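Chemist: sequence and predicted model, in that order:
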Amino acid sequence: MNDGGDAAERPSGARFVVLAVFLFCGFGAVLTRAVYLQCVDDKSLQWVAQKQSKAVVPMARKRGKILDARGRELAVSVPVQSIFADPSAIVDPHATLDAIDHVVPLGKARDQAARRMRVGKRFAWVVRRVAPELAEVVRNLRLPGIHFVEENQRNYPNGMLASQLLGAVGYDAEPLAGVELAYQEYLSGTARHMIYERDARGRFFFTPVQGDVENAAATATPVGLTANATSAGSRDDEAVGTIVLTIDKAIQYFTEQALERGAVAAASKGAVAVVVEVETGRILAMASHPTFDPNAYADYPQDAWRNRVLTDTFEPGSTFKALIIAAALEAGVPPTQRFDCQRGLLRVGSHVLHDAHPHGVLPVADIIQVSSNIGTAKVAAVIGKERIGAALRDFGIGGKTGIDFPGEAGGVLRAAERWSPVEFATIAFGQGVTVTPLQMAMAFTALAHDGWLMRPYLVEQIRSGSGEIVHQGDPQPVRQVVSAKTAAVMRTLLQRVVEAGGTGQAAASSRYPTAGKTGTAQKVVEGRKGYAAGKYFASFVGMSPVVQPKIVVFVGLDEPKGAYYGGAVAAPIFREIVEATLQYLEVPSTDAPVLLADGTAVYQPPVTNHRLSVSGHQSPVTSHQPRVPADDAVVGFVRQDGDRIIVPNLVGLSLREVVRLTGEVPVALKVKGAGRAITQSPLPGTVLTAERPMEVEFGLPE
């Protein structure tokens, strides 16, 4: 029995030993882990502690300014107050909301706040983005459980001005479109949070925690908002960049106002306008109608957000003829060469092409003046589709301009080798090809800028939060499309378009010589071949002043009602924009006072000159250039304040007269050509220092 008893006790002893070893090992593992967490990897414990003791409420972040070219504000962030509640501290939620509603009308926010207060959380937004003065009135009510925090609100102080360029910002400072979205990297500040202590039961102490905001935001529990709004940025909240645009606020205003008046008068579906500085390619104004107010973007349809200058494509119609004629001149076709326009009917294969008005034999100069489809098609045929196709590509047709702004369309231009005979003919007068308004504006800028195609740009400068310039916009020539001589001839031909007998007489200004081309294109039926009856895109694109163009302006109206020709509905808007812009830029006009040699000022109104027409006979042409004065009335340079010299208008004077005038003052003279003065630099009315030469180009009468 004893032996049996000893045998039964031995297994119990073994189990005790095994259990002791197991407990020892387990204790050792726990101790090792504790030492590791405490001494080596304490971040995990910190994460747990912060998770239990802190909560984060995201707020709208600050954004950088968007300025116009002269430093005037287009978009800014302004401080506002947001009101939130601790529902556990509120005895009567309805009475509390009533009291706030009397000061700050809550509208739909009242019902939302009431629902948030009923779900049992310790935090609930009541209303956000309240004017500081109204928030102060609510604060003085001393309502239990009501608290305040400062946020940032995006504000567009000019309302609708340049809205399609600027874009808009959502409720939590997220960019939605335009410059706001394209340059988010520079405009966005650090994500901001309210960070609060929790007690052992998870209740808030409504005093912001001081300390490591970034770590707290990354680890604490977000309150009442989505998790993707809680990540903190790495930059200081105040370190936001500034975007300076090439847009001039005043020119943008002139453009938008003129465009709106014209679009409303024509009852058009939409309208666009763009103003380009010739020498640089800077965009001075870019407008679309209808538009929207980014301060209340939710009240407008998405279609109003569209920047039509960049996104919309259309068949250019007769404005395209200027590019065809320029290519022909560059290829050696003289403006006096004559073509038979066949009384408005031309058969190409099984197709018959028409002119709006029948014409017989016309020189190239008259073909573009009266805008003959058949004449232009015949001019294009002389140099062939390969050279025409290459020239159009050089003008930027069929590709994007490369502007520093998102959403640009490229247009459509099929390869020249694939053009059928009828397609080649119709492309010559702007059918079977699509462009954007900006593409056409830049193509005409090349004609205004001695044949140089420029890359347009909208961002003048980007500054970092510390003030460092991280980007500087500069003029970028792309290529020389035609020679300076061809460009000068084209400007003369396009000036005839706005004179008597031309299709664009409504674009003529009594103050600034203008040149350009009308366009009236049928609209293609969406989704199938053919053109929609009664639907047109009317346009005018041109430049001013003619001698030394400063700006190119494109105006287009989509589906105008009633009168629909570009010369009738778009040309007057062009003239209005040109006159307002050049006056604002202080470009001397033809009705400005002209200084005489004795220092007196007189006005020289437009007069009728005679010049040699392309057909070889004298014809009266209204000109806005000053008439050639008699020798005893020639204008002269006028000294002011030492070495400052006021430049007179030398255009129309002979070389002898110019040399005599410049010899009376210490001015270096550079001349080119022979005949009478046709261009001068600097312009009349500007100041010329003794160190700057006077450059005058002469030419024979036209």
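Modeler: Right, received. Where do you want to start?

Chemist: which pLDDT value belongs to the closest residue to residue 435 other than its chain neighbours?
Modeler: Of all residues not flanking residue 435 in the chain, residue 411 sits nearest, at 4.5 Å (CB to CB, 6 or more residues apart in numbering). The way it works is simple: take the backbone N, C-alpha and C, and place the C-beta from them, glycine included. Residue 411 is assigned a predicted lDDT (pLDDT) of 90.

Chemist: need the contact list for residue 411.
Modeler: Residue 411 sits next to 313, 397, 398, 399, 433, 434, 435, 436, 439 when contact means CB atoms under 8 Å, 6 or more residues apart in numbering.

Chemist: contacts only, for the residue nearest in space to the middle of the chain.
Modeler: Closest residue to the average C-alpha location of the chain: residue 165 at 4.5 Å, with CA atoms, centre = their mean. Residue 165 makes contacts with 178, 179, 245, 247, 286, 307, 405, 458, as judged by CB under 8 Å, 6+ apart.

Chemist: okay, and which of these map to strands?
Modeler: Judged by DSSP state E, the subset of those located in strands is 245, 286.

Chemist: and the contacts of residue 165, which two are the farthest apart?
Modeler: Within the contacts of residue 165, two members stand farthest from each other by CB to CB: 245 and 307, at 13.3 Å.

Chemist: ok, these two, which is more surrounded?
Modeler: residue 245 (28 against 23; other CB atoms under 10 Å).

Chemist: what about residue 86, how many neighbours?
Modeler: Residues near residue 86, counting by other CB under 10 Å: 19.

Chemist: and it, how far is that from residue 95?
Modeler: 16 Å (CB to CB, to the nearest Å).

Chemist: what does residue 297 give?
Modeler: 35 Å.

Chemist: tell me which of these two has more neighbours.
Modeler: residue 297 (19 against 10).

Chemist: that older thread, which of the contacts of residue 411 are buried?
Modeler: 313, 397, 398, 433, 434, 435, 436, 439 (16 or more other CB atoms under 10 Å).

Chemist: now the strands: where do they sit in the stretch 101-250 of the chain?
Modeler: 124-130, 146-155, 192-198, 204-208, 221-222, 242-245 (DSSP state E, counting those that start in this stretch).

Chemist: same deal with the stretch 601-702 of the chain?
Modeler: Using DSSP E, counting those that start in this stretch, the strands of the stretch 601-702 of the chain run over 601-603, 607-612, 618-623, 638-640, 644-646, 669-672, 676-681, 687-688, 694-699.

Chemist: what is the mean pLDDT for the last one?
Modeler: What that stands for is strand 694-699. Strand 694-699 comes out at a mean pLDDT of 81.

Chemist: that one packs against which elements?
Modeler: helix 655-663, strand 669-672, strand 676-681 (3 or more CB pairs under 8 Å, 6 or more residues apart in numbering; DSSP states H and E).

Chemist: adding mean pLDDT, write these out as CSV.
Modeler: Below are the helices and strands packed on strand 694-699 laid out as CSV (pLDDT from 0 to 100):
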stretch, mean pLDDT
helix 655-663, 79
strand 669-672, 81
strand 676-681, 78
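
Chemist: tell me which of those sits nearest to residue 280.
Modeler: Per CB to CB, nearest to residue 280 of these: strand 676-681, 16.2 Å.

Chemist: that closest one - contacts with which helices or strands?
Modeler: Using 3+ CB pairs under 8 Å, 6+ apart: strand 676-681 touches helix 655-663, strand 694-699.

Chemist: average pLDDT for whichever helix or strand residue 26 is part of?
Modeler: If you go by DSSP states H and E, residue 26 is part of helix 2-35. Helix 2-35 comes out with an average pLDDT of 68.

Chemist: would you map the helices across the stretch 451-600 of the chain?
Modeler: 484-497, 566-569, 571-584 (DSSP state H, counting those that start in this stretch).

Chemist: can you tell me what sits against the first one?
Modeler: With CB under 8 Å, 6+ apart as the test, helix 484-497 has contacts from 322, 325-326, 329-330, 335, 364-365, 368-369, 371, 446-451, 482, 502-504, 507, 513-518, 542-543, 546, 549, 621, 702.

Chemist: please apply the same query to the shortest one.
Modeler: Helix 566-569 has contacts (CB under 8 Å, 6+ apart) with 262, 265-266, 268, 317-319, 503-507, 518-520, 538-540, 557, 560, 563.

Chemist: and if you look at the last one?
Modeler: Here helix 571-584 makes contact (CB under 8 Å, 6+ apart) with 248, 250-251, 254-255, 258-259, 261-262, 273, 275, 284-285, 498, 504-509, 511-512, 514, 516, 518, 540-542, 544-545, 550-551, 553, 555, 589.

Chemist: of those, buried ones?
Modeler: Buried among the contacts of helix 571-584 by 16+ other CB under 10 Å: 248, 250-251, 254-255, 258-259, 262, 273, 275, 284-285, 498, 504-509, 511-512, 514, 516, 518, 540-542, 544-545, 550-551, 553, 555, 589.

Chemist: looks to me like residue 356 is in a strand.
Modeler: No. Counting by DSSP: H, G, I helix; E, B strand; the rest coil, residue 356 is not found in a strand; it is coil.

Chemist: low-confidence stretches in the stretch 401-550 of the chain?
Modeler: Scanning the stretch 401-550 of the chain for pLDDT under 70 picks out the ranges 527-528.

Chemist: do that again at 50, thanks
Modeler: The model of the stretch 401-550 of the chain has no residue with pLDDT under 50.

Chemist: dihedrals phi and psi, residue 400?
Modeler: phi -70, psi 150 (degrees, to the nearest 10).

Chemist: now do the contacts for it.
Modeler: Counting by CB under 8 Å, 6+ apart, residue 400 has contacts 408, 409, 410.

Chemist: least reliable of the strands of the stretch 101-250 of the chain by average pLDDT, please.
Modeler: strand 221-222 (a mean of 37).

Chemist: on that earlier part again, from residue 276, how far out is the residue nearest to residue 435?
Modeler: Distance of residue 411 to residue 276, given as CB to CB: 17 Å.

Chemist: how about residue 462?
Modeler: 21 Å.

Chemist: how about residue 430, nearest residue that isn't a chain neighbour?
Modeler: residue 320 (3.4 Å).

Chemist: three-state assignment of the one you found?
Modeler: helix.

Chemist: from what I see, residue 316 and residue 428 are in contact.
Modeler: No. Using CB atoms under 8 Å, residue 316 is not in contact with residue 428, being 11.4 Å away.

Chemist: tell me which of the helices and strands packed on strand 694-699 approaches residue 78 most closely.
Modeler: That would be strand 676-681 among these, by CB to CB, at 45.5 Å.
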